[in-house]
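Trainee: What follows is a predicted protein model with its sequence.
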Amino acid sequence: MVVIMKRNASQEEIEAVIANLSAFGFNVHRSSGVNQTVLGAIGVKPGFDHRIIRGLKGVSDVKRVTEAYKLASRAGRNASTIVDVGGLRIGGHAITVMAGPGSVESEEQIRAMTAQVACNGASLFRGNILKPRTSFYEFYGVEEGRLELIREAADRGELKVAIEVTDVARLDMMSEYADILQVGARNMQNFELLRALGTSNKPILLERGLSATIEEWLMSAEYVMRCGNTQIILCERGIRTFESATRYTLDLSAVSVVKAKSHLPVFVDPCRSTGMRNYIIPLARAAVAAGADGVMVDVHHDPANASGAGLSALNFDQFAELIVQIRDVAKAVGRSLTEGGETNGPRQ
């Protein structure tokens with residue numbers, strides 16, 4: 001059940017509704033936006049008359065949620081969630097660009113990458129020190145000493161940093177340097193990790209699993225939200241199908257479907273799905289046209305000699321061209337791109 005408070009509801013009224021719900025045996029999760037508070041009441045209570053809550057002071061509406069993902073569901077929410085990443089607002093009118101290498105390799109690479117992606121229009125730097133690979137023999141990343149360099153270089157370029165966390169043991173270390181904690185596709189159903197991320201105060205970028213349905217993806221978001229962290233960004237990065245022309249099949253329909261089913265912002269990664277750089281810009285354009293709130297791309301100073309996934313990375317000139325093209329598409333659909341350091345207003 002979702003309880004939507006009035007825009008002018010006082011703190012005392014909100015707390016009174018929470019107390020009433022708790023008295024009836026519901027577990028209550030509060031989500032406070034800029035203009036409105038929504039309360040998620042979790043717990044099956046057959047025959048409960050929701051009019052009891054509807055009649056309380058400060059309540060605007062009460063809606064039953066039939067989906068298994070109660071907190072991630074759009075039911076009862078007119079406004080989409082905007083995730084605030086240190087002043088960078090994701091999920092509003094503007095589209096966010098996240099760029100960087102699949103996994104960092106050296107100090108020189110980190111400094112060159114952050115400078116280039118920042119000056120070309122990205123506002124998020126993808127700074128993975130460890131990247132789980134399908135093959136044991138592929139480049140996994142370099143961990144030691146890199147986090148400090150990533151943080152320093154990103155700050156110099158006024159970029160926010162997203163870092164992939166692969167297990168609970170590294171969570172505290174990653175959190176010290178990251179603005180966003182990224183959950184890769186292979187960890188989408190790592191439930192112990194999801195529970196731990198639910199206690200974090202960092203926004204979470206949750207990639208869709210390789211063979212996950214949209215409902216399973218949203219249920220993974222529910223794990224994090226149920227444990228207390230409602231700042232979730234979803235990322236469609238391709239799923240496994242019978243098609244072999246590309247590495248995976250980028251499911252752009254998921255953007256529209258998720259927007260209808262959930263209030264959470266959605267990114268699209270056109271690099272991981274295709275595995276080929278010549279497909280990246282066209283699919284990034286399509287993602288923006290489909291309504292994505294952000295685009296995540298691999299960029300490398302020398303893709304031909306990259307330690308890992310060089311075929312799916314753009315060079316600096318190609319990245320600059322991507323920005324030009326998706327900016328034009330964004331303008332055509334009534335949106336814009338968020339520049340580095342710029343805040344992002346609510347979607348109209």
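Mentor: Cool, the structure landed. Residues are numbered from 1 along each chain as shown.

Trainee: Going by C-alpha atoms from here, please, whenever you check contacts or count neighbours.
Mentor: Will do.

Trainee: residue contacts, the spatially closest residue to E207 that is not a sequence neighbour?
Mentor: Counting by Cα to Cα, 6 or more residues apart in numbering, E207 lies nearest to C235, which is 4.5 Å off, once chain neighbours are set aside. With contacts defined as Cα atoms under 8 Å, 6 or more residues apart in numbering, C235 is in contact with L205, L206, E207, R208, V266, F267, V268, D269.

Trainee: Counting neighbours, which of the residues you listed comes out on top?
Mentor: The most neighbours of any of those, using other Cα atoms under 10 Å, belong to V268, which has 31 neighbours.

Trainee: so that residue bridges to which residues?
Mentor: E236, V295 (DSSP bridges).

Trainee: That one touches A286, doesn't it?
Mentor: No: using Cα atoms under 8 Å, V268 makes no contact with A286, being 9.8 Å away.

Trainee: Just the buried positions in stretch 10-27, please.
Mentor: Neighbour-count burial for stretch 10-27 flags E13, I14, V17, I18, L21, F26 (criterion: 16 or more other Cα atoms under 10 Å).

Trainee: export these to TSV and tack on pLDDT, secondary structure and distance to S253?
Mentor: Converted to TSV, the buried residues of stretch 10-27 look like this (pLDDT from 0 to 100; DSSP: H, G, I helix; E, B strand; the rest coil; distance: Cα to Cα, whole Å):
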residue	pLDDT	secondary structure	distance to S253
E13	94	helix	40
I14	94	helix	37
V17	95	helix	38
I18	94	helix	37
L21	93	helix	37
F26	91	coil	35
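
Trainee: will you turn those residues into TSV that also has distance to A332?
Mentor: Listed next are these as TSV, based on distance: Cα to Cα, whole Å:
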residue	distance to A332
E13	43
I14	41
V17	44
I18	44
L21	45
F26	45
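
Trainee: nearest to A79, of those?
Mentor: Comparing those against A79 with Cα to Cα places I14 closest, at 18.8 Å.

Trainee: what's that closest one in contact with, if anything?
Mentor: Here I14 is in contact with M5, G58 (criterion: Cα under 8 Å, 6+ apart).

Trainee: Report how far apart the opening and closing residues of stretch 51-69 are.
Mentor: In stretch 51-69, first residue to last residue: 23 Å (Cα to Cα, to the nearest Å).

Trainee: Check which residues of that stretch are buried.
Mentor: Judged by neighbour count using 16+ other Cα under 10 Å, the buried positions of stretch 51-69 are I53, R54, K57, G58, V59, S60, D61, V62, V65, Y69.
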